[in-house]
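Novice: okay, predicted coordinates and the sequence, questions at the end:
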Amino acid sequence: MTQTRAASRRILLGATLLVAALIAAFLTPGRATAASLQEVTGFGANPGALRMFRYVPDGLPAGRPVVVALHGCTQNASGYGTGSGWLQLADRWGFSVVLPQQQTANNASSCFNWFQNGDIARGQGEAASVAQMVDRQLADTSGDGTRVYVTGLSAGGGMSAVMTAAYPEKFAAGGIVAGLPYGCAQAAGSPYVCMYVGATQTAKQWGDRVRAARPGYAGPWPTLVAFQGTADYTVKPVNMTDLVKQWTDVHGADQAADVSDTVAGYPHQVFRDAGGRAVVETYSVTGMGHGQPVDPGSGSEQCGSAGAYVLDVNLCAAYRMGRAWGLG
């Protein structure tokens, strides 16, 4: 009887200590807990018929930045958010992520329609849907409306260019990975010509396309960080060259790089405006095909996980963008 009573006391003591430890852990200030991806409905008229997902780290305070991350063709919000490293960085640095998702009813390959006139104009289609997601996210999280960023891969990169052109007042910067300049399909006469060959436009013609997307807008315009694989045969490297022409012209900068160096062994350039501010930054990832650059691991500059169109090249694009935008 005495042994049974003693054993019961030990069990009770152990359980009490376990509960106390769990309570202490959850009440410890600053403790980060894992959040999960959530779908949001009723975020606006949604004329582009997109789905909205978001990631908000637990305990995220008000006044934090928002990153909009747009997946590539055949991808989805969850896979791209995790693979690219953006959700990992959201926990690390403290910001929320909006992850629009295409529906096959809109595009059979789940590509954002960066080439359709009805989806790339202000107030219309998919562009308007993404803008409505931003408004909803800022309202729900009390986010910092001056620190909203948009980025994406391939078709998502093309749609990122759309958002910075059509809604420049909403975004401080854009990050385009293996993407296309705004209006490229219209300039080339076909999205495929744009992707595989490029469009013959001067820097001013490219810039005029952006300015026409938001008539009368006096700035400030979003800055740009772009990544492109030199062995990309889906979206040819000429498209990053044209992005540089387009956005340096928008910012009134010349097309001569002010910085030319290497990062993680890859050519890197920075273009500054007349005031010395970095307005366009590029990474040319030597030998990389079509995909999002990542560098899986637990190091301070590492993020992402490799998969289809998410390529381990020892350089995490999301980290480099986040640093350029002051997120880290």
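Specialist: Yep, it's here. Numbering: from 1, shown residues only.
Novice: adjacent strands (with direction) for the host helix or strand of Val98?
Specialist: Using DSSP states H and E, the secondary-structure element containing Val98 is strand 96-101. Strand 96-101 pairs in its sheet with strand 51-55 (antiparallel), strand 66-70 (parallel), by DSSP bridges.
Novice: what is the burial count for Lys236?
Specialist: Counted by other Cβ atoms under 10 Å, the residues lying close to Lys236 total 20. Every C-beta, even on glycine, is put in place using the N, C-alpha and C of the backbone.
Novice: again with Ser160
Specialist: Residues lying near Ser160 (other Cβ under 10 Å) number 33.
Novice: Gly175 now?
Specialist: By other Cβ under 10 Å, neighbour count at Gly175 equals 30.
Novice: quick one: it is in a strand?
Specialist: Yes: Gly175: assigned to a strand according to DSSP: H, G, I helix; E, B strand; the rest coil.
Novice: list the contacts for it?
Specialist: Tyr149, Val150, Thr151, Gly152, Ser160, Leu224, Val225, Ala226, Phe227, Ala317, Met321 (Cβ atoms under 8 Å, 6 or more residues apart in numbering).
Novice: nearest to Thr200, of these?
Specialist: Ala226 (19.7 Å; Cβ to Cβ).
Novice: correct me if wrong, but the closest one is in a strand.
Specialist: Yes: assessed with three-state DSSP, Ala226 lies in a strand.
Novice: picking up where we left off before, how far does the strand holding Val98 sit from the chain's center?
Specialist: 9 Å (Cα atoms, centre = their mean, to the nearest Å).
Novice: any weak-confidence spans in the stretch 1-150 of the chain?
Specialist: 1-34 (pLDDT under 70).
Novice: need the three-state assignment for the closest residue to Phe43 other than its chain neighbours.
Specialist: In space, and not counting its chain neighbours, Phe43 is closest to Arg136: 4.0 Å by Cβ to Cβ, 6 or more residues apart in numbering. Secondary structure, three-state DSSP: Arg136 is helix.
Novice: how near is Arg136 to Thr41?
Specialist: Applying Cβ to Cβ, to the nearest Å, the value for Arg136 to Thr41 is 10 Å.
Novice: next, show the common contact partners of these two.
Specialist: Met52.
Novice: ranges for the helices of this protein?
Specialist: 2-27, 77-84, 86-93, 117-120, 125-141, 155-166, 184-188, 191-196, 203-213, 238-250, 317-324 (DSSP state H).
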